[in-house]
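S.K.: quick one, what's the 3D model for this:
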Amino acid sequence: MSFVLRVSTLACFLFLLSLSIACQATSDTRAADEAALRKLDDEWSKAAGSRDVEKTISYYSDDAVVMPPNIPTLTGKEPIRTLWKSMLGSPSFSGGWKVTKVEVARSGDLAYVSGNYEFNEKDDGGKPITDKGKYLEVWKKQADGWKCVADMFSSDLPVAVPAEK
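M.R.: Modelled structure (predicted):
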């Protein structure tokens, strides 16, 4: 093999290698996915704040898991709908949540979103109650876009101790 042919082969190999690396770098959609998830989570919070049950549950996948405080895990849209219907059906309900962090997997098909929430209601006696806490959501990219597949939230407030009689 002549020297010129070897150099040409090496140059061609290096060109193809750099092209391959460049193509991989341009297919990284994590920044765009992070922005999309921040927007989706904000829209989701606004849907809940406007008490739109159907819009609120539309962000979940059909097989989503929700782990709210003080009740068993809910799986699937019907039990999740019942939870949100109960929360949003309260005439005094208001509030929402705000993203503090989004992390998208290198694969681009999974992500987690975490943040803080604040919900306001009135107790049975009409006294205002504000619950502040944190949440963690796992999102999966599906044929129809990003959907929340797991949702967990918990209060930052101390557990209420029953009054002694």
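S.K.: counting by contacts, list what the lengthiest strand in the chain packs against.
M.R.: Determined from DSSP state E, the single longest strand within the chain is strand 128-142. The contact analysis (3 or more Cβ pairs under 8 Å, 6 or more residues apart in numbering; DSSP states H and E) places strand 128-142 against helix 30-49, strand 110-122, strand 145-155. Where C-beta positions appear, they are placed from N, C-alpha and C, glycine not excepted.
S.K.: and the first one with strand 128-142, angle?
M.R.: With axes from the mean of the first three to the mean of the last three Cα atoms, to 10 degrees as the basis, helix 30-49 and strand 128-142 are set at 140 degrees to each other.
S.K.: what's in contact with helix 30-49?
M.R.: 55-56, 58-59, 84, 87-88, 94-99, 102-104, 106, 108, 111, 113, 115, 137, 139, 141, 146, 148 (Cβ atoms under 8 Å, 6 or more residues apart in numbering).
S.K.: the second one now?
M.R.: Around strand 110-122, the neighbours that count as contacts under Cβ under 8 Å, 6+ apart are 33-34, 37-38, 41, 87, 90, 92-105, 128-141, 146, 153.
S.K.: PyMOL command for the buried members of the residues you listed?
M.R.: The PyMOL selection below is limited to those of the contacts of strand 110-122 classed as buried (16 or more other Cβ atoms under 10 Å):
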select buried, resi 33+34+37+38+41+87+93+95+96+97+99+102+104+131+135+137+138+139+141+146+153
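S.K.: how about low-confidence regions in the chain?
M.R.: Low-confidence segments of the chain, defined by pLDDT under 70, span residues 1-26.
S.K.: what about 80?
M.R.: Low-confidence segments of the chain (pLDDT under 80): 1-26, 160-165.
S.K.: please look at Ile57 and Lys77 and confirm they touch.
M.R.: Yes - with contacts defined as Cβ atoms under 8 Å, Ile57 counts as touching Lys77 at a distance of 5.8 Å.
S.K.: who's more crowded, those two?
M.R.: Neighbours were counted for Ile57 and for Lys77 using other Cβ atoms under 10 Å; Ile57 has more, 22 against 17.
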